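A.B. asks: Sequence and predicted structure below; questions after.
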Amino acid sequence: MRRGAVSSAPNNRAIRAASAEIPSAPGAIPVFGHSLQFQRKALRFLETLPAYGDLVRIRLGTRGALVVCDPELTAQMLRQDRVFDKRGGFIPPQREFAGENLVNYCYDEHRGPRRIMQPAFQNSRMSDYAKIMNRTVDDVLGSWRDGQVVDLQAEMYRIAINIVYSALMGVTVPIQTMRQLVVNLRYKNRGLLARVFMPAWHAWLTKIPSPANRRYRRAVRQSTAMADEIFATLRPDACPDTLAAMLFESRATSSARPHNGGHLSDAAIRRNLGIFVLAGSDTTANSLAWSLHLLGQNPDSLDRARAELDGVLDGNMATFDDLARLSYLENVFAETLRLYPPSWIANRQTTSDARLGRYFIPAGTTIFWSPYLLHRRADLFPDPERFVPDRWAGQPLTGRASAGSFVPFSLGPRKCIGDSFARIEALLVLAAVLSRWDLQPVNPASVEAHAGSLLTPRNIAMRITARTRSPKSGDR
């Protein structure tokens, strides 16, 4: 069998005998294992693991797990979603916040709902989505004032949340609701990681009424309540030709879980619309904030992006048709996703005995994979800590993705359903911001990456100054 192949393993004794031994990461602490490293210096810990092997054993409290450090093995695992499924002891904290949904459905629950939702993300719809995105960006940037200091992450959340609601549900979010959603998303990001990597015997700490636990619980309650309130206003005739309308058309009231090819109950529809708000705004907003921060730290790259925008757009807002000519801006976004992939770590669990490359993996094994780990490997990306958009020049992203070395949107049957939507949104937002505004970091040394449920920037305040040449509003 070639290296990287995945197979079922019925003859366990023979396969075990022929399997390579999986090395263990050093530094495990009695009782806690590697949990403290994950909670305190997760990114640095991940970067050290490839030195020990393609597949490395770690311990989180009393629970053992594996970390895939090789791109080919990662790709093979992600393509085999029946064997390497989304289940296990590390998934429940995610379901606590957002319930069961397309992102965390197990294999036998995932295919039907995905087929229902897929038409909402076909390429033929992207041009219409781009017009909605531009109107939202125009509204938010129109509220900025010359000389103002903005919380860049919060402003990108404002844009992303409104785009998701407008494009996928046909509704406008009240300003107060939007502000509270931003707060709740931040508390969720900070609290979820501790619950995922905390040793099982130590989980009682999440129950004590500490300020952090109270904020997290409040964020869960309020997010659920706001999602329910918005869902109650949705009607198929009021949001035609949207994702929400497609879900309504598939409605089934006999079960709260997907069944019979993917029919969904009201509760399942509500949970799935909620996860699109969370995932669609969380990931894009943070990627946009990182992109603008990185450009602010690299003046040459900023000048090149602006020169491309001025030459292509001639003072207009970018449209869907313009995006193919914004190659350098796309390279900027790709390099941002390489350095700071929002979903920096995820896990799968084997549903049966399996073989991954040279290794035998018993049923019930938890396996972590990390875009951050792969994207920071120097053998895959020379000088990996540097922001170098030109490393993507002439290199199709799909090739890197299929090889498993560039996987910000995952890979295989569970690849992010909204990857094209997110890419188009990011390019349109970056084009609008960079064309209209100069952004000066207020205290760039204080900006740091926080590895919560997503890889988010902290302390990213910028002073905005209007550019002399401002793009024309509206669609061309």
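C.D. replies: Perfect, I can see it now.

A.B. asks: Thought Asn298 was touching Phe387, still the case?
C.D. replies: Yes - Phe387 lies in contact with Asn298 (Cβ atoms under 8 Å); the separation is 5.4 Å. Any C-beta I mention is one placed from the backbone N, CA and C, and that applies to glycine too.

A.B. asks: which sections of the stretch 101-250 of the chain are below the confidence cut-off?
C.D. replies: Scanning the stretch 101-250 of the chain with the threshold set as pLDDT under 70 gives 190-207.

A.B. asks: So which residues of it form helices?
C.D. replies: Across the stretch 101-250 of the chain, reading from the start of the chain, the helices by DSSP state H, counting those that start in this stretch fall at 107-117, 126-141, 152-169, 175-197, 211-233, 243-249.

A.B. asks: Tell me which of these sits nearest to Ala324.
C.D. replies: Each of these has some distance to Ala324 by Cβ to Cβ; the shortest is helix 126-141, at 11.9 Å.

A.B. asks: can you list the weak-confidence ranges in the stretch 351-476 of the chain?
C.D. replies: Of all residues in the stretch 351-476 of the chain, those with pLDDT under 70 make up the ranges 469-476.

A.B. asks: the helices in it, which residues?
C.D. replies: Using DSSP H, counting those that start in this stretch, the helices of the stretch 351-476 of the chain run over residues 371-375, 397-402, 419-436.

A.B. asks: how about these, which one is nearest Ser210?
C.D. replies: Checked against Cβ to Cβ, the stretch from the helices of the stretch 351-476 of the chain lying closest is helix 371-375, at 28.2 Å.

A.B. asks: circling back: Throw the helices of the stretch 101-250 of the chain into a markdown table and include mean neighbour count and distance to Gly99, thanks.
C.D. replies: Shown next, in a markdown table, are the helices of the stretch 101-250 of the chain (neighbours: other Cβ atoms under 10 Å; distance: least, Cβ to Cβ, whole Å):
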| stretch | mean neighbour count | distance to Gly99 |
| --- | --- | --- |
| helix 107-117 | 18 | 12 |
| helix 126-141 | 19 | 26 |
| helix 152-169 | 24 | 17 |
| helix 175-197 | 19 | 13 |
| helix 211-233 | 15 | 8 |
| helix 243-249 | 20 | 15 |
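
A.B. asks: longest single helix anywhere in this protein?
C.D. replies: For the chain, the longest helix by residue count, based on DSSP state H, is helix 266-297.

A.B. asks: what angle separates that one from helix 107-117?
C.D. replies: Between the axes of helix 266-297 and helix 107-117, defined by axes from the mean of the first three to the mean of the last three Cα atoms, to 10 degrees, the angle is 80 degrees.

A.B. asks: Could you list the buried residues of the next helix-or-strand element following helix 266-297?
C.D. replies: Taking DSSP states H and E as the definition, the helix or strand that follows helix 266-297 towards the C-terminus is helix 299-313. Neighbour-count burial for helix 299-313, with 16 or more other Cβ atoms under 10 Å as criterion, is recorded at 301-302, 304-306, 308-309, 312-313.

A.B. asks: Need those residues in CSV (columns: pLDDT and distance to Trp344).
C.D. replies: Compiled in CSV, the buried residues of helix 299-313 are given as follows (pLDDT from 0 to 100; distance: Cβ to Cβ, whole Å):
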residue, pLDDT, distance to Trp344
Ser301, 98, 23
Leu302, 97, 25
Arg304, 98, 27
Ala305, 98, 25
Arg306, 97, 29
Glu308, 98, 29
Leu309, 98, 29
Val312, 97, 32
Leu313, 97, 33
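
A.B. asks: of all these, which comes closest to Phe360?
C.D. replies: Nearest to Phe360 out of those is Ser301 (Cβ to Cβ; 45.9 Å).

A.B. asks: ok, now which ones touch the closest one?
C.D. replies: Under the criterion of Cβ atoms under 8 Å, 6 or more residues apart in numbering, the contact partners of Ser301 comprise 294-295, 332, 387, 389.

A.B. asks: most surrounded residue in the residues you listed?
C.D. replies: Val332 (28 neighbours; other Cβ atoms under 10 Å).

A.B. asks: so which helix or strand takes in that residue?
C.D. replies: Under the criterion DSSP H and E, the helix or strand holding Val332 is helix 327-339.

A.B. asks: ok, Thr242 to Leu168 distance?
C.D. replies: Using Cβ to Cβ, to the nearest Å, we find Thr242 at a distance of 6 Å from Leu168.

A.B. asks: Name the residues contacting each of the two.
C.D. replies: Common neighbours of Thr242 and Leu168 (Cβ under 8 Å, 6+ apart) are Ala120.

A.B. asks: Output the contacting helices and strands for whatever helix or strand comes next after the helix holding Val332.
C.D. replies: Scanning forward in sequence from helix 327-339 by DSSP H and E, the next helix or strand is strand 346-350. Where contact means 3 or more Cβ pairs under 8 Å, 6 or more residues apart in numbering; DSSP states H and E, strand 346-350 is packed against strand 84-85, strand 366-369.
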